[in-house]
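Chemist: Got a sequence here, can you model it:
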Amino acid sequence: MRRGKALPRGPVGPLWAAACGLAVLGALLGPVEAARARAVGDGDGLVMVLDSSGSMAGARMTAARKAVGAVVDALPDGYPTGLRVYGAGQQHGCDDTRLLEPVRPLDRDAVKRAVAGVRPKGDTPIGLSLEKAAADLPGGGRRTIVLVSDGEDTCGAPKPCEVAARLAGQGVDLRIDTIGFQVRGGAREQLECIAEAGHGSYRDAPDAASLVRQLTRASRLSADAYRLQGRRVTGGTSAAGAPGLSPGQYVDDIVPGETRWYAMTLDSAATADLAVTAVPRPGVKVAYGDGVELRLAGTGTYPFTCGSDSAHFGQDEGAMVIGGAVSRIPGDDGDGVCDKAGRYVLSVHRTSAAGSDRARWPLELRYGTERPFAAGATPAPAATRYGDPPAALTGAPRDVEGGTGFNDARRLGTGIWRDTLLPGQTRFYKVRVGWGQRLTYTADFANEPLLEGGSTASSFVATAAYGPGRQPLDDVSGALQRRGYYGRPLSVGLGTVPVTWTNRWVAGGSARGARTAGEHYVAVSLGPGAAGLARNAAVGVVLRVNVTGTELAGPQYDAPARGGGPAVGRDDGERTPAGEADTAAAGAPGDGGGFMTAADVVAAAAGGAVALAGVGTVALLGRRRRDGA
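Modeler: Numbers count the residues shown, from 1 in each chain. Model prediction:
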């Protein structure tokens, strides 16, 4: 069992100058061209709601125009984006809210022209503007309202907090973020209330540079949201009512305190991997022990547990992507209680503290099976030692941008890569690891320019790696997967044992997950608290990825080298588009390789997608796991 540790806290070190000019913004956001290539989910959309009341006249509106311009330059090509303003149409009026640019595939020039023509003059009808903004957005997908205001509502009705709560209650995928531009007192309290009721986050912007930074972060987190993929399913309220699943990928959602149940029929020979990823909106309020608990069990009069896992945030800075996995691995002798053919059930429970975010969390479930080892063949012996560390990689890093999740993870090979992370963001990467090979990687952070007062702030960075079935991989290299972050140089990373079929039967060690060749995933996250210390909108990270060892043709004993020598995956830095299956042969037919689903999501003997990640942790924070024999 493994438990998360409390995050270390302490001084951040010397302060950097607080002022942050617009000229540095482009360098903060990483490879924009890659960002613009990202696929957009159906129904996704962002609408910025800009305060244009009389108090915004002069320098404040000049700053707002520059901030909006910087944001649209940083957003991905084609990301549905709109702009609504209030208070710019007439001197007085509580119905004065206008949609200047509809939510449609991003037209940067049109948004810039629209905001350039705004002339602040009127009142502040925030409640009405939120109602209109929700109607501006598409009817489905991940929808975000970002409200920028320098004061509180002056109209009284409808009440902004009540509007936010009502809108957020209408769907799982609506979020309202707020940014207070040079506000205090009642105005700040109202904006904080709107964000909490709207399942979003409040950000404070005391000056023009911070407005650029905070609006950029809020908008990019919306555009870079986890790309869910799978057939819609509704989990049962009990084991008896659990819907039957066939191998494949599914999407559901879950509320605080709820348990969802799913059923599957397993034979007596195949390995079954069931992975669950929970996708709350990044940065929303959570408690240390919030998370999800998984249990795979048999059915009947006396149900037995075959595997259990839990994933908790292990911090109270804000929500991140979290997930867990359980597996039914038949024993080599076939005599275990979980080796029998029959009906099994997976339960997913959500734990949330009373004061935590109450929004529904989307769930992504992946159910895959791996065929048994070929009859008459002998598998290679288990590999439980890391061995000597690989030689250090040298050279200049290549710019990449990680994926939003497992489905669009960025493909990497051995090499040095450079990416950026927003506070509260997780990047996903994948790299192919063959039979007999091992994966080693680090995510390195350099000195980060700090905000004034940043010496009192802290956050964390973390990383996690997964096998083709999204089963978690343990470190055997002595690296650290999670560390407190204060803006000073540090590294996190992980090293696995060589991938060997027989590792699945290793009891009580760190080798069990490294059992299937194919694409492996690595996730890296930056804690939400980094928003309180980092002067840049995004924080840079250098990834060093190494796949070592000669790739073997299959998992059998004395297998020859595949292709005549080492194979370390492609060095192309390509991203797998959402919805495109990754396939990679892991050995000869009948070698026991194949991780397969009904939709052929992963071809024989492979399974998933891996990679390496940058700077945070995708979040198996404080996870605990117990698998049946």
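
Chemist: Please identify the buried residues of stretch 84-95?
Modeler: By 16 or more other C-beta atoms under 10 Å, the buried positions in stretch 84-95 come out as 84, 85, 86, 87, 88, 89, 94. Using the backbone N, CA and C atoms, a C-beta is placed for each residue, glycine as well.

Chemist: Over to stretch 152-163?
Modeler: Applying 16+ other C-beta under 10 Å to stretch 152-163 flags 152, 153, 154, 155, 158, 159, 160, 161, 163 as buried.

Chemist: ok, now stretch 247-266?
Modeler: Within stretch 247-266, the residues scored as buried using 16+ other C-beta under 10 Å are 247-250, 252-254, 256, 259-264, 266.

Chemist: Start and end of that stretch, how far apart?
Modeler: For stretch 247-266, the first-to-last residue distance is 10 Å (C-alpha to C-alpha, to the nearest Å).

Chemist: Check stretch 46-66 too.
Modeler: Start-to-end, stretch 46-66 (C-alpha to C-alpha) is 18 Å.

Chemist: I'd like the average pLDDT over that stretch.
Modeler: What stretch 46-66 shows for mean pLDDT is 96.

Chemist: what's near enough to touch the closest residue to residue 104 other than its chain neighbours?
Modeler: The shortest distance from residue 104 to any non-neighbouring residue, by C-beta to C-beta, 6 or more residues apart in numbering, is to residue 80 (6.1 Å). Listed by C-beta atoms under 8 Å, 6 or more residues apart in numbering, the contact set of residue 80 reads 40, 44, 45, 46, 103, 104, 105, 106, 138.

Chemist: Closest one to residue 495 out of these, please.
Modeler: residue 40 (35.8 Å; C-beta to C-beta).

Chemist: Can you pull the poorly scored residue ranges out of the stretch 351-500 of the chain?
Modeler: 454-455 (pLDDT under 70).

Chemist: Can you show me the strands along it?
Modeler: In the stretch 351-500 of the chain, the strands defined using DSSP state E, counting those that start in this stretch lie at 361-370, 398-399, 410-411, 415-421, 426-433, 438-445, 459-466, 472-473, 482-485, 490-495.

Chemist: So what pairs up with residue 312 in the strands?
Modeler: Going by DSSP bridges, residue 312 is paired in beta bridges with residue 291.

Chemist: Go ahead and confirm it touches residue 290.
Modeler: Yes. Here residue 312 reaches residue 290: they are 6.4 Å apart, a contact under C-beta atoms under 8 Å.

Chemist: Overlap in contacts, those two.
Modeler: Counting by C-beta under 8 Å, 6+ apart, the common neighbours of residue 312 and residue 290 are residue 351.

Chemist: Would you map the strands across the stretch 101-250 of the chain?
Modeler: Taking DSSP E, counting those that start in this stretch as the test, the strands found in the stretch 101-250 of the chain are 143-149, 174-181, 202-205, 231-232, 248-254.

Chemist: Just send those strands back as a markdown table, with mean pLDDT too.
Modeler: As requested, the strands of the stretch 101-250 of the chain are arranged in a markdown table below (pLDDT from 0 to 100):
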| stretch | mean pLDDT |
| --- | --- |
| strand 143-149 | 96 |
| strand 174-181 | 96 |
| strand 202-205 | 94 |
| strand 231-232 | 97 |
| strand 248-254 | 97 |
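
Chemist: Make CSV from these and add distance to residue 439 to it.
Modeler: As requested, the strands of the stretch 101-250 of the chain are arranged in CSV below (distance: least, C-beta to C-beta, whole Å):
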stretch, distance to residue 439
strand 143-149, 35
strand 174-181, 35
strand 202-205, 37
strand 231-232, 30
strand 248-254, 23
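
Chemist: which one of those lies closest to residue 114?
Modeler: strand 143-149 (14.5 Å).

Chemist: Which residue ranges of the stretch 201-350 of the chain form helices?
Modeler: 208-223 (DSSP state H, counting those that start in this stretch).

Chemist: and if you look at the stretch 1-150 of the chain?
Modeler: Using DSSP H, counting those that start in this stretch, the helices found in the stretch 1-150 of the chain span residues 25-28, 32-36, 59-74, 108-116, 126-136.

Chemist: closest one to residue 480 among the strands of the stretch 101-250 of the chain?
Modeler: Between residue 480 and the strands of the stretch 101-250 of the chain, the tightest spacing by C-beta to C-beta is seen for strand 202-205, at 29.7 Å.

Chemist: Direction included, what does that closest one pair up with?
Modeler: Counting by DSSP bridges, strand 202-205 is paired with strand 174-181 (parallel).

Chemist: now the angle from the strand it pairs with to helix 208-223?
Modeler: Strand 174-181 runs at 170 degrees relative to helix 208-223, counting by axes from the mean of the first three to the mean of the last three C-alpha atoms, to 10 degrees.

Chemist: any idea how far stretch 464-475 is from the chain center?
Modeler: Offset of stretch 464-475 from its chain centre (C-alpha atoms, centre = their mean, to the nearest Å): 15 Å.

Chemist: So what does residue 475 look like in phi/psi?
Modeler: phi -90, psi 140 (degrees, to the nearest 10).

Chemist: count of residues packed around the closest residue to it other than its chain neighbours?
Modeler: Closest residue to residue 475 apart from its sequence neighbours, by C-beta to C-beta, 6+ apart: residue 494 at 4.5 Å. By other C-beta atoms under 10 Å, the residues close to residue 494 number 23.

Chemist: for residue 312, same thing?
Modeler: Look at residue 312: counted by other C-beta under 10 Å, it has 24 neighbours.

Chemist: shaky segments in the stretch 1-150 of the chain?
Modeler: Within the stretch 1-150 of the chain, the stretches falling below the threshold (pLDDT under 70) are 1-42.

Chemist: err, the stretch 501-629 of the chain, not the other one
Modeler: In the stretch 501-629 of the chain (pLDDT under 70), the answer is 564-629.

Chemist: change it to 90
Modeler: For the stretch 501-629 of the chain, applying pLDDT under 90 flags the ranges 507-510, 563-629.

Chemist: So the residue nearest to residue 475 sits against residue 441, correct?
Modeler: Yes. Assessed by C-beta under 8 Å, residue 494 is found in contact with residue 441 at 6.4 Å.

Chemist: so what's in contact with these two at the same time?
Modeler: Overlap of the contact sets of residue 494 and residue 441 (by C-beta under 8 Å, 6+ apart) consists of 463, 465, 522.

Chemist: picking that back up, enumerate every residue touching the residue nearest to residue 475.
Modeler: Contacts for residue 494 (C-beta under 8 Å, 6+ apart) come out as 439, 440, 441, 463, 464, 465, 473, 475, 477, 479, 481, 522.
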